[in-house]
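Engineer: Let me see the structure of the following:
(2 chains)
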Protein chains: 2
Amino acid sequence: MSAPRGNALIGQSGGPTAVINQSLVGLIEGCLAAEPIGEVYGALKGIDGVLNENLINLGLESPADLERVAVTPGAALRSVRKKPSHEDSVRALEVLRRYDVRYFFYIGGNDSAEAAHLLNEVAVEEGYDLHLIHVPKTIDNDLLETDHCPGYGSAARFVIQALMGDNEDNRGLGGVKIDVIMGRNAGWLTAAASLAHWGEGEGPHLIYLPEVDFTWEGFLSDLERVYGEYGRCVVAVSEGIHTPDGVLVGEAKETDAFGNVQLSGTGYLGDRLAGKVRELLGSHVEGKLRVRADTFGYLQRSFHGLVSEVDAAEAREVGRQAVRIATGGEVTSGSVILVREEGSEYHIRYESCPLSKVAHETKSMPPEFLAGSAGVTPAFLDYLRPLVGRIPDHGRLADHPVPRRG
Amino acid sequence: MSAPRGNALIGQSGGPTAVINQSLVGLIEGCLAAEPIGEVYGALKGIDGVLNENLINLGLESPADLERVAVTPGAALRSVRKKPSHEDSVRALEVLRRYDVRYFFYIGGNDSAEAAHLLNEVAVEEGYDLHLIHVPKTIDNDLLETDHCPGYGSAARFVIQALMGDNEDNRGLGGVKIDVIMGRNAGWLTAAASLAHWGEGEGPHLIYLPEVDFTWEGFLSDLERVYGEYGRCVVAVSEGIHTPDGVLVGEAKETDAFGNVQLSGTGYLGDRLAGKVRELLGSHVEGKLRVRADTFGYLQRSFHGLVSEVDAAEAREVGRQAVRIATGGEVTSGSVILVREEGSEYHIRYESCPLSKVAHETKSMPPEFLAGSAGVTPAFLDYLRPLVGRIPDHGRLADHPVPRRG
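Structural biologist: Numbering: from 1, shown residues only, chains lettered A, B, ... in the order given. I've put the predicted structure just below:
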C-alpha cells in the first residue's frame, strides 16, 4: 500500500464545538506539510459542499487568519446534518475524482463517521484509491473506540464552571436549582458536573443520567434527603433522562391541573422538573420553597473564549495525526482515536480504527462510572480530570461566629 | 460632623453577581485599615442575619482566604430578598446598638438600597450616630445616579462571549436563533449583546429591549428582512419585553393550536418566540426552517471564572471607597456612585449620593442609546466598551473559491 499523489479535501459536519476549528487548522497544517498532497480544499457545508462543488482553497489562507480561526468556536467551513444516499455518495465520488482528491477528511461525530463510511464503501466498490479519515469531534463524548472526543473537555469545563457558580448562587439564596445539560443518548457531559463538587455539602448534589432509569419517586426521595441535610439542593440532569419504560421525561406529554396538554419545548424538561418539585417537595418544607431551572442549551457547545487547554491542543493534534495516518501507507480509511496510556501521568497516543466501528454507534457511560441513582464514581472523576484544563480557584469565608450579646 | 469610634457590619442582599465578593473583600480591607473602626462583622443572609444576630467576625479571616473569596461568584455572606418592615428596622437598630456598630455597609441593588434607606431613617429618628453606606451591585445595571453598576461588566462580558459563539453556531447550521437575556425592567444586559456584533451580516442581528414596545408584526417583519438578506438570524431579547398594552410577552397566557392554555415557565418566552417564528416565518422560506431558543438564566450572573477585569477591580474599589466615604466625616449615609470623567480615556471617580435617590428606583436605557425597534446606537457601544474587559479574538476563513471543474 502506498500514498498516492493528489489533492486533499476537508469537510465539517454535525453540531459544532468550541475547538472543532483547531482540528480544521491542524488538518490544513498537516496537509500543507505532507509530501504527496497537492492542493488543500475545503467543502462548504460538509457533504453538501462536495455535491454542489462549493469548494474553497484552504492553502491560500494566511497563517495569522488560521490561528484566529482555530480559537473561534463553530464550524469555519459551515456544517450540515445529512446522511448521504447511495446516489449522493456516487455523485460525491465523481466530484472527488474530478478534482483529483485522494485524501478526504471529515470532521464530525458518529453520524459524520457514517457518512464517511458510506462514501468510502463506494470508493472501494469503484476501485478509486481514496484515503478517507474521520476526525472525531463531539461535546457528547459518545464515540466508540476512542478514550474521549475532542470538544468534550471544553464543553465539560463550561459545565463545571457553570455548576461551581450555580452552587454559590444556590447557597446564597437557598432552594432547589435544576440544571438541564446536553446529551440525549449518553450522560458524559452531564456527569462532568460532578467535578464542580469540591466538598461535603457542595453542589451538584444529585446527577441524573440517561444511563440510569429515572423515577419520580426516586428523584423526590433523593431531593428530600439532600434538602433535609443541607437546606438546599443543586441538581444536574441530562436532557435524555427517561423513565423505565423508555419515555423521555423531557418529551412526555402530560396534562396539567386543568387537563390541558403541556407541549414540550426547549425549556420544557427544566420547567417540568421544577413544577413537580414545587408541587411535591414544596408541601413538605417550611416556608415557600424557591425552585429554579436552567437549560444550558447551545452555550455548552459554542461559548466563545472558554476552552480546556488540553482539549484545544488535542483537537489540533488530532487533525495533524489524521494526515499522518492518511499518508502513512498503512490504512486507507478509518477514524482517529485517542488512546490513553497506562500510568499515573496523563498521556495520549493517536491511532485509527475502522470507520464501521464508529459509524452511527453511541458509547454510553460504563457501569464502573455510575454510582447509584444519582451520582458518579471516583473512577469517572479520575477519567475526567485531565481532560478539562485548569479549573478556577474558589474560596469560602471561615465564618468565625461572633458571640451573642442578646 | 465626625467619624465615631465603633464597629462595622457588612451584609449582602439580592441576587449575587460574579464580582460581589470583590466588594465584600474591598470593604473588609477598608474597615481593617480605618482608624475609627474596631471590629468588622458580617451579617449572614443580609438583614435577616442582623435580626437573628447571626454575625461572623470578618477580621479573623486570613488574607489568602479573602483573595480566594474575592474571585468566587455568589454572596459569600449568603443573601436574602427582604423588605424590612418599620418594626424590623427598629429591631435591627437595637442589634446594631448592642454590638456597638457605627458603620453599616449593605451590598445590593435598588431593593437593598431601599432596605438601607428604611434602616437609616430609623437611626436618624432615634438620633443614633450610624454611618450607613449602600454599596452598589447588580447585573441589571439599573441603579440611578451611578454611571454603571459593579457586576454589570462581567455579566455583559458573559453575554457578549455567548453571542459571539452563538453567531458562529448559527452561521454553521443556519436558521433562526433566539437568546433570552435577563433584565426584566431595563434592557442594559440584553443590549450588551450588541458588542458581539463585529461586522456586516454578523449576529446579533436584532435586539429587543423592554424600553421599546414589542409587536409581533414588527418582530416578524424584522426577521423576514434579516433572514432574506443573510439566510439566518440571531436575536437577543430581554425577558422583560412587552406589547404596547404593557403585557409581558413571557408571561402572556395564550392558547395553542389545540385550544390548550400554555403556561409560562423559565423557558416559556424563548419557546413562545420560537414557536411563532416557526409558524409564521417558516411558511415563507424554502425548506424546513431551523429555529432554536436558549434562555441564559442564572449562568449570566453566577458563572465561575469569567469576569471583566475592569469590573472586578471596580467592584473591589467600590468597597474600599465606601469605607472612605463612611469615615470621611462629610456624609453619614448614601450610596456609592461611579462617575465617569469626561475625555477619551476611561476614568472613574467614586462619590456618593443620598440613599433616597437610589432606593427602589430603576434606571432604564435612555433614548440616545436606543436605535429603532431592534437595535442600539454607537453611543451605547462607546458607553459599554470600557466596562467589559478584553473580548477574545475571533477569525474567519477568507473563503478563496476553487474554480469549478464541472
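Engineer: need the helix or strand of chain A with the lowest average pLDDT.
Structural biologist: The weakest-scoring helix or strand in chain A, judged by mean pLDDT, DSSP states H and E, is strand A:261-262 (a mean of 44).
Engineer: got the angle for the helix or strand following that one vs helix B:268-280?
Structural biologist: Using DSSP states H and E, the helix or strand that follows strand A:261-262 in sequence is helix A:268-280. In terms of direction (axes from the mean of the first three to the mean of the last three Cα atoms, to 10 degrees), helix A:268-280 departs from helix B:268-280 by 140 degrees.
Engineer: Whether helix A:268-280 contacts chain B - can you check?
Structural biologist: Yes - shown here: helix A:268-280 in contact with chain B (Cβ under 8 Å from any Cβ of the partner chain) through A:Tyr268, A:Gly270, A:Asp271, A:Ala274, A:Gly275. C-beta: built from backbone N, CA, C; applies to glycine.
Engineer: could I get those residues as a markdown table with pLDDT and neighbour count?
Structural biologist: Formatted as a markdown table, these follow (pLDDT from 0 to 100; neighbours: other Cβ atoms under 10 Å in any protein chain shown):
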| residue | pLDDT | neighbour count |
| --- | --- | --- |
| A:Tyr268 | 86 | 23 |
| A:Gly270 | 92 | 26 |
| A:Asp271 | 88 | 25 |
| A:Ala274 | 93 | 21 |
| A:Gly275 | 90 | 18 |
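Engineer: And the pLDDT at the residue of the stretch 301-406 of chain A found nearest chain B?
Structural biologist: Nearest residue of the stretch 301-406 of chain A to chain B, counting by Cβ to the nearest Cβ: A:Gly395, 2.5 Å away. On the pLDDT scale, A:Gly395 is placed at 95.
Engineer: That one: neighbouring residues, count only.
Structural biologist: 19 (other Cβ atoms under 10 Å in any protein chain shown).
Engineer: about what we covered before: if we take the residues of helix A:268-280 next to chain B, which one ends up nearest to chain B?
Structural biologist: Using Cβ to the nearest Cβ, A:Asp271 is the member of those that lies nearest chain B, at 3.3 Å.
Engineer: Quick check: closest non-adjacent residue to the one residue in the stretch 201-350 of chain A that gets nearest to chain B.
Structural biologist: In the stretch 201-350 of chain A, the residue that lies nearest chain B is A:Gly267 (1.2 Å; Cβ to the nearest Cβ). Spatial nearest neighbour of A:Gly267, excluding adjacent residues (Cβ to Cβ, 6 or more residues apart in numbering or on different chains): B:Gly267 at 1.2 Å.
Engineer: try A:Leu387
Structural biologist: Spatial nearest neighbour of A:Leu387, excluding adjacent residues (Cβ to Cβ, 6+ apart): A:Gly153 at 3.9 Å.
Engineer: The host helix or strand of A:Ile178 pairs with which strands?
Structural biologist: Secondary structure assigned from DSSP H and E places A:Ile178 in strand A:175-181. Paired strands of strand A:175-181, with direction, are strand A:232-238 (parallel), strand A:291-295 (parallel) (DSSP bridges).
Engineer: coming back round to it: isn't the residue of the stretch 201-350 of chain A closest to chain B right up against A:Thr295?
Structural biologist: Yes - the pair A:Gly267 / A:Thr295 is scored as a contact, 5.3 Å apart, by Cβ atoms under 8 Å.
Engineer: joint contacts of those two?
Structural biologist: B:Thr266, B:Gly267, B:Thr295 (Cβ atoms under 8 Å, 6 or more residues apart in numbering or on different chains).
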